[in-house]
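Enquirer: Show me how the following folds:
(chains A, B, C and D)
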4 protein chains.
Amino acid sequence: MNKIKCGILGATGMVGQRYVSLLENHPWFEVTYLAASPRSAGKKYVDAVNEKWQMSTPIPDSVSDLVVGDANIVESAIDKCDFVFSALELEKDLIKKLEFDYAKSDIPVVSNCSAHRWTKDVPMLLPEVNSSHLDVLSEQKKSRGFEKGFVVVKPNCSIQSYICPMFALEKAGYKIDKAIITTLQASSGAGYPGVPSLGLLDNIIPFIGGEEEKSELEPSKILGRVVGGEIVEDNSIKISAHCNRVPVVDGHTACVSLSFKEKPIMEEIIKAWTNFSSVPQELNLPSAPKKPIIYSTEQDRPQPRKDRDSEGGMAVTIGRLRECKVFDYRFVGLSHNTIRGAAGGGILNAELLKAKNYL
Amino acid sequence: MNKIKCGILGATGMVGQRYVSLLENHPWFEVTYLAASPRSAGKKYVDAVNEKWQMSTPIPDSVSDLVVGDANIVESAIDKCDFVFSALELEKDLIKKLEFDYAKSDIPVVSNCSAHRWTKDVPMLLPEVNSSHLDVLSEQKKSRGFEKGFVVVKPNCSIQSYICPMFALEKAGYKIDKAIITTLQASSGAGYPGVPSLGLLDNIIPFIGGEEEKSELEPSKILGRVVGGEIVEDNSIKISAHCNRVPVVDGHTACVSLSFKEKPIMEEIIKAWTNFSSVPQELNLPSAPKKPIIYSTEQDRPQPRKDRDSEGGMAVTIGRLRECKVFDYRFVGLSHNTIRGAAGGGILNAELLKAKNYL
Amino acid sequence: MNKIKCGILGATGMVGQRYVSLLENHPWFEVTYLAASPRSAGKKYVDAVNEKWQMSTPIPDSVSDLVVGDANIVESAIDKCDFVFSALELEKDLIKKLEFDYAKSDIPVVSNCSAHRWTKDVPMLLPEVNSSHLDVLSEQKKSRGFEKGFVVVKPNCSIQSYICPMFALEKAGYKIDKAIITTLQASSGAGYPGVPSLGLLDNIIPFIGGEEEKSELEPSKILGRVVGGEIVEDNSIKISAHCNRVPVVDGHTACVSLSFKEKPIMEEIIKAWTNFSSVPQELNLPSAPKKPIIYSTEQDRPQPRKDRDSEGGMAVTIGRLRECKVFDYRFVGLSHNTIRGAAGGGILNAELLKAKNYL
Amino acid sequence: MNKIKCGILGATGMVGQRYVSLLENHPWFEVTYLAASPRSAGKKYVDAVNEKWQMSTPIPDSVSDLVVGDANIVESAIDKCDFVFSALELEKDLIKKLEFDYAKSDIPVVSNCSAHRWTKDVPMLLPEVNSSHLDVLSEQKKSRGFEKGFVVVKPNCSIQSYICPMFALEKAGYKIDKAIITTLQASSGAGYPGVPSLGLLDNIIPFIGGEEEKSELEPSKILGRVVGGEIVEDNSIKISAHCNRVPVVDGHTACVSLSFKEKPIMEEIIKAWTNFSSVPQELNLPSAPKKPIIYSTEQDRPQPRKDRDSEGGMAVTIGRLRECKVFDYRFVGLSHNTIRGAAGGGILNAELLKAKNYL
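Expert: Residues are numbered from 1 along each chain as shown, chains lettered A, B, ... in the order given. Predicted coordinates for the structure are as follows:
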C-alpha cells in the first residue's frame, strides 16, 4: 500500500518533535513535509530543531534533511502532502485562520491546537469517546466551501487521564454529576523552553494559565451530540479542576473525586474500566491501545515514570479506586501528555479519519 | 531568666534534627538532653547523626558533643531536662506507653508523634486554633496519676496548610460543611531515608500510607470542644483528602475546594484570613508568626521553595482564592512541614504551655 | 531453534529487573528461572518484586507468575536453566562462593557482581574490548574442577562511558598514558531503595563508596592480556576518577581529560571512534549496537535523558572533543548504566559465550 | 552612622534580586536606587520583578515600592545613590561603555559583570586573594579622567570553589602547577528564565557557553600582581575546566585534581586551609566569613543543599582531600554561586572599598 503523505505544522516544537518521532515507521502515514516559523524556514530540519530536540531517540534519518517550510504560507504545502498535523505555536486567531486556509486549499488539518476547539462545526475528537462527531464534517465542508479539506481538533492534554475513565463509566450506565479534580502536570506540557528549571527544582507551581478553564469546559463538548450539523454540548457533569505543574518530564496525573446520580458498587466501576473498548479498538487502528484503560491494583500506582508508556503511551492507567468521604468514589488517573494527550492522540484521530474514508 | 531545660526524644531523625536546629538560641528553652535508639545511645550526637544530618545549617556546637541517651530508658532523662519533645520513631504502641512513662516520671511530653492523637484526654494542639484544649490536662493528670508530667500532641504535618485557613473562616462566622483536598507533600515528611530517590526523580507517588486517614479525621478533634474532661469531636465538616508525594524537599501544598453553609463573598474570606490572629499572637510567643496566615495575591503562588520559609517557616501562605465550579470556593495553601508542621509546631506548643504555666 | 534456558539470580533488585525486561522476546535466551533472597523465595515474581518494580514497561507476562527460588540454594536451579545471570546483592565473600558453587553444579554464571572481578582466571568481559579473555576459561574449568560450568564477570557500571572510547583510540594506535575523569552517575546505579530522595533533591553527592577504586583499577584488567592461563594486567594508563551521584534516573556521564604518548590530531580521534567496530559487531550478536561508539557533534551533548537509549541503551555516546589546557584532549562520554553498564552488558557477554560455543 | 546609599543596576534579574535580599538591613549600605531595562523602568520594583522573584524571603518592604529607573540612563542615578552594584544583563560592549559612563559621572561601579574583567586597569577582586589590586584604581582614575568614580569587577561564579583553596595553598608556600577541574553548577547560575526545566529534569547538561574559558583564564588575572599601574597576569598554574549544569538550585561544586611543584603532606594542606584568613577577616568586614574555608571531614561532603549556606553563603566548603592517582591530590570544593559567587561577593568588594576609603 502506498502510504499517505502527511505534513507537520509547528514541526520544531515539543509536540511537533513528538509527531516526528511517533510517525517514524508508521504503517499508513509518511512524513513528507515539515513546516515551522519563518525563522526556521529554509533550514534542514536537523539544523532548525537543533538543541531543542527533546526526544530520547534521535531525529529519524527520513526527515532529518527535509527543508523546513514556512507554516504561514499554505501554498508551500500543496503537492507536498495529503494532509497536515497542526501543532502550530501562534496566536489563536492566526491559527484559526491558517487552519481554515489549509482546509480551503484541499489540505485536511488534524490539529492539536486549541484555536478551533469551540468552533461549532469542528469536532473535538477523542476516538474512544466521540467518533460519531465526524458527522459534522459534511456540514463543515458544505457551509465553509471546503472541497477535500476540513479541520478536526483534539482536546487539551490534561483531559485524557480523567475523561476516558469517566466516559467509560457513563457508557456503562453509571451517570456522574460532579467531579472535583486536581492535576499534577508534567513539564513537557508547557512546550520548550516552557517552564524555567528554577520553577521546578525543589518546587511545584500551582498554576497553569488557561488550563483550568480548558479542563473544566472541554468535556462538555467532547461528551456532546451532533444535532443539525452542530455539536451540542452536554453540561450534565459539573467539573472543578485545580491544575499544578510538577517536576516530571512526561505524564499528567489526576486525583479525581466523583459524585454519581446513583452510587454503583466498586466492582462495577472496575469492571466498566477493564472491559472498556471502543471504535479505535474495533477498527484495529495502528495506534489504538489494546486496552484503552488499564486498572492497576497496586496501592501506589499509577506513577508517571512507571505507567506513562503503557501501550506505547496511548493507554490511560487508573489506580486507587476507593470511597470518597465527601463524594462517592475517588481514583488516580494518568496519561502520557505528549503521546496520548498530544501527538499520539492526533495520529489516532488521523487513523480514525483514514479508516472512515475521510483521508 | 534561667532557660528551661528540654530534651529531644528521637533526636537523630529528621524531625529531631529540626528541633535541634530550631532550638539553637531559643529565648526560653535550652537543649540539655538528646535521646535516640539504643544503636545511637552512648555516642556523641555528632557521631550518632553523622551523614543523616539533613539541615542546611551545621549541628549547633552546644549539642554536638552531647552524649546521646537511650530514649527507651526514661530514667536517663531524669534530672537532665525539665520536659521533652518527642519525635520518636517506634511502633505506635511502644510510643504510647513510653510517652506516658515519661509523664509518670514528672517529665512533660510535647509530642510530634501520632500515637496519642486519639487518646481522649490528650489535646491535639494547634495553638492558633484550640489552645482551650489545655483544659483537659488537669483531668489527664488526675485520672492517670501524673504529678508534674503530662502529654500533649500535635496534628499530622499535612494538616496545617488547610486547617488554619478553614478555622479562620469558621471563626469569622463562615461555616464550612465540605472540603475536598489534594495535597502535594514534600519528601522530608517521610523522614530519612524515607522515599528512595528513584521514587521522586521524574516521578510523583500518589499514595502515602495512613496519610489520607489522618488528614481527614484529625480536624474533627482539633476543632472539637472540651466537655467533662474530654475532647468531644466536631464532625460538622466532611473532608476528603488525596495525598501525593512530590519531588520537593520541604513544604506541603494543598489544593482545596470548599462548600459553605452560606456562601460568603470573596472579600470577606480574604479579610478573615488577613485579619486572623489568635492566642499565640496575643501572648507574643517567641515562635508565633506575626501573621499566621499570609494571603498572596500573585496568580502562581504559594510555591514551596518561595513561600515555605515565611515568618521563619511558621506562617501558612494562601493564594489563588477563586470560585469553584462544583463547590463554592477553592484555594491553594502551603506550610512548612518540618517547621510549622512538626518541630516548629511542637516548640510553639511548648511555648504556649510555658506561657500558661504548665511548664 | 530452541531457546537456551536462563535463570536470573537477584531477580528482584534493580539489575535483576532490567534483565527481566531486556530478556523479554530475546531471540536466543528464555527466562525459565528466577531466584532471590529467602524472603522472596516461594512467592510469585510479581508479588516478590511488587512496589520495587522500577522499569517503565510492565513485568512480562512470561515471568510474572514464576515462583521465585532461593538464590542461596544452588540445587533449586538445576534442571531449571542452562545458565544463570548473577545480579546477587549479598556480601562479596558469599557471592564469590555461591557463583563458584553454581559453576561446580554445571551451571555457567554470567555475573554482574564485583565479587570475582579480581579472580585471576575469571575474565572481566567487555566484548568490544577483550573477547580474547575467554581463553582463560579452559584453565578456570580445569584448575577448579568445573565440567560445564564457569564464571565470567563484567566490569563496574561507571566504566563503559570512558573505557570503550579509550580502547578505540588505543586500538587505532593512539597510546594513552594518563586520564583524569569525573563521573556524574545516575541514581539507579545504587539499586533500590539506594540513595534517599533527600540526598538527590536540589543536591548532588560527591561520593560513592568503593566506586573510585573500581573506576581506576578495573581498566588495567580489562585491557590486560591472557598469559599462561591468567589475565595479566596492563597498567600503562594511569587513571584518576572522581565519582559523583547526581539526580538522574539512568545514564552515567564522564568528563574525561586524556594525555597521550604522542598527541594525535583531532580528526584522527573522531575517525577512530566513528569507525570503531569489534567482535560483537562482526558476530552480529543480537544485543550488539551497530555502532558501539556514537560521536555527537552538537555542542551540548551527550545528555543522559536524550542519549542513554541510543542503540537500545547499548551504545556509548561521546561529544565535546576539544583540546585540554593541561593534558591533550578532553571529551564527555555517556552510557546507560543499567543496560550497557549492567544487564545489557551481561546479556551481550552471554551472547558472546553462545556464539563462541561456551553456552 | 549614616548609611552609604547604593543603587543596583539590573535589579530585576537573579543576581539583582540577590543583592536586594542581602542588602536588607546591611549595616553600612542602604538601597536607594534600583534600575533595570527600559521595559521595567517607571514601574514599582514589586511590579517589575513580579513572578520572576526567586528568593525564599519576600521582597523587602524598603524597596518594594521604589520606582525602577532605566539603567541605560546614567543621569537617573545621579543624586540617588553614592555608588552602584552592577548586575546588568546586556551585551558586553554596552556594559563596558555604560559602567565607565557611570564612573565618569562620579558613581563608582562595583560590578558583577564579565565586561571589564579583562580591562587592564580594572581589578578583578576577590578580597581574600587580591585586595592589593585596588592599587590600580588611582591609575584607572587618572588615565580615564574619573574624579570620584571607578570600576571594580568580580570574577565568574564558578571560580570561588577552587581558587580560594588553591590560593590558600600557594600563600602557605605550596606551589601548584596544574589543575584539572570538573564543575557541577547550579541552575541559578544561568539567571532567570535560564535553563528550561526539560533540560534539568532527569538530566544534566555537560556544557555552559563561555564558562570553561572564564574558569580557566580568570585565575591568572586574580593571582596577578600590580606593576606600573596595570595588573600583570600570573600564568604559572595551568588549569583545565569541564563545566556542567546540574539540577541544583544554588551551589557550584568543583572536583579538583592538583599537581604541585613539590608535593606537600596531607596535614599541611588541611592546616593551610583551616588556618586561612585574610584581609576581609582582619578588617572585620560585615559580610566576611569568619572562616573563609571550612574543611569538612565527613566522607560525603560538601553537598550543595547542606553546605552552600555556611557562614551566610560566604564560606567555601572543602572535603574529600585524598591522593590523586595521576596528580598529587584531589578534593571537592563548594561555594554558593549567587551569594559568594555573585551578589555576596560584590557586597564584600564594596565593603573592602569602604574600609579602604574608596567609597
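
Enquirer: Excluding residues flanking it in the chain, which one is nearest the residue in the stretch 51-200 of chain A that chain C sits nearest to?
Expert: Distances between the stretch 51-200 of chain A and chain C by C-beta to the nearest C-beta are smallest at A:Ser56, namely 5.0 Å. For every residue, glycine as well, the C-beta is placed using N, CA and C. The shortest distance from A:Ser56 to any residue other than its chain neighbours is 5.0 Å, reached at C:Asp309 (C-beta to C-beta, 6 or more residues apart in numbering or on different chains).

Enquirer: Just confirm the one you found contacts A:Met55, I think it does.
Expert: No - assessed by C-beta atoms under 8 Å, C:Asp309 is found out of contact with A:Met55, at 9.7 Å.

Enquirer: if we can go back for a sec, I'd say the residue of the stretch 51-200 of chain A closest to chain C and C:Lys306 touch.
Expert: Yes - using C-beta under 8 Å, A:Ser56 is in contact with C:Lys306, at 6.0 Å.

Enquirer: More neighbours: which of these two?
Expert: C:Lys306 (25 against 17; other C-beta atoms under 10 Å in any protein chain shown).

Enquirer: I'd like to know how far the more buried one sits from A:Val110.
Expert: According to C-beta to C-beta, to the nearest Å, C:Lys306 stands 27 Å off from A:Val110.

Enquirer: what does the stretch 101-250 of chain A put close to chain B?
Expert: Residues of the stretch 101-250 of chain A lying close to chain B by C-beta under 8 Å from any C-beta of the partner chain are A:178-180, A:182, A:184, A:199, A:201-207, A:216, A:238-242, A:244, A:246-249.

Enquirer: Give the next helix or strand downstream of the host helix or strand of A:Gly7.
Expert: Assigned by DSSP states H and E, A:Gly7 belongs to strand A:4-9. Counting by DSSP H and E, the next helix or strand C-terminal to strand A:4-9 is helix A:14-23.

Enquirer: ok, now which ones touch the residue nearest to A:Ser56?
Expert: Neighbour list for C:Asp309: A:56-57, C:336 [criterion: C-beta atoms under 8 Å, 6 or more residues apart in numbering or on different chains].

Enquirer: May I see the buried residues of the strand holding A:Gly7?
Expert: By neighbour count on 16 or more other C-beta atoms under 10 Å in any protein chain shown, the buried set for strand A:4-9 is A:4-9.

Enquirer: Quick check: of those residues, which lies closest to chain D?
Expert: Taking C-beta to the nearest C-beta as the measure, chain D lies nearest A:Ile8 of the buried residues of strand A:4-9, at 19.7 Å.

Enquirer: Show me the beta-bridge partners of the closest one.
Expert: Beta-bridge pairing of A:Ile8 under DSSP bridges involves A:Leu34, A:Phe85.

Enquirer: Might one say that it is in contact with A:Ala87?
Expert: Yes - A:Ile8 is within contact range of A:Ala87, at 6.7 Å (criterion: C-beta under 8 Å).

Enquirer: Identify the contacts common to these two.
Expert: With C-beta under 8 Å, 6+ apart, A:Ile8 and A:Ala87 have common neighbours A:16, A:19.

Enquirer: Show me what from chain A comes close to chain C.
Expert: A:50-51, A:53-58, A:201-202, A:249, A:298-300, A:305-306, A:308-310.

Enquirer: could you show me where the helices are in the stretch 101-250 of chain A, in order?
Expert: For the stretch 101-250 of chain A, applying DSSP state H, counting those that start in this stretch gives helices covering A:127-130, A:136-144, A:160-171, A:197-200, A:211-222.

Enquirer: can the ones you listed go into JSON lines with extra columns for mean neighbour count, mean pLDDT and distance to C:Lys97?
Expert: Formatted as JSON lines, the helices of the stretch 101-250 of chain A follow (neighbours: other C-beta atoms under 10 Å in any protein chain shown; pLDDT from 0 to 100; distance: least, C-beta to C-beta, whole Å):
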{"stretch": "helix A:127-130", "mean neighbour count": "24", "mean pLDDT": "98", "distance to C:Lys97": "56"}
{"stretch": "helix A:136-144", "mean neighbour count": "17", "mean pLDDT": "96", "distance to C:Lys97": "72"}
{"stretch": "helix A:160-171", "mean neighbour count": "24", "mean pLDDT": "97", "distance to C:Lys97": "50"}
{"stretch": "helix A:197-200", "mean neighbour count": "28", "mean pLDDT": "97", "distance to C:Lys97": "48"}
{"stretch": "helix A:211-222", "mean neighbour count": "21", "mean pLDDT": "98", "distance to C:Lys97": "59"}
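
Enquirer: For D:Lys171, find the nearest of those.
Expert: Closest to D:Lys171 of these, according to C-beta to C-beta: helix A:197-200, at 36.3 Å.

Enquirer: which residues sit against that closest one?
Expert: Outside helix A:197-200, the residues that touch it by C-beta under 8 Å, 6+ apart are A:187, A:205, A:245-247, B:303, D:54, D:187-188, D:192-197, D:199-201, D:247, D:249.

Enquirer: got the CA positions of that helix in CSV?
Expert: Only the C-alpha atoms of helix A:197-200 are listed here, as CSV (Å, rounded to 0.1, in the frame of the first residue of the first chain):
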residue,chain,number,x,y,z
SER,A,197,14.2,25.0,35.7
LEU,A,198,14.2,27.3,38.7
GLY,A,199,10.4,26.9,38.7
LEU,A,200,10.6,23.1,39.0
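
Enquirer: Next, report how far it is displaced from the centre of its chain.
Expert: 25 Å (C-alpha atoms, centre = their mean, to the nearest Å).

Enquirer: what do you get for stretch A:37-45?
Expert: Remark: stretch A:37-45 is offset 26 Å from the chain centroid, using C-alpha atoms, centre = their mean.

Enquirer: Could I get the full set of strands for the stretch 251-359 of chain A?
Expert: Along the stretch 251-359 of chain A, counting by DSSP state E, counting those that start in this stretch, strands occupy A:252-260, A:293-296, A:316-323, A:329-335.

Enquirer: so who does A:Ile222 touch?
Expert: A:124, A:126, A:129-130, A:155, A:159, A:163, A:167.

Enquirer: before we move on, back to that, between the contacts of C:Asp309, which is closest to chain B?
Expert: Checking the contacts of C:Asp309 against chain B with C-beta to the nearest C-beta, the nearest one is A:Ser56 at 11.7 Å.

Enquirer: what about A:Ala172, distance to chain B?
Expert: 23 Å (C-beta to the nearest C-beta, to the nearest Å).

Enquirer: now swap in A:Val232 and tell me
Expert: From A:Val232 to chain B the distance is 20 Å (C-beta to the nearest C-beta).

Enquirer: what's near enough to touch that residue?
Expert: A:224-226.

Enquirer: Go again with 10 Å.
Expert: A:120, A:220-221, A:224-226 (C-beta atoms under 10 Å, 6 or more residues apart in numbering or on different chains).
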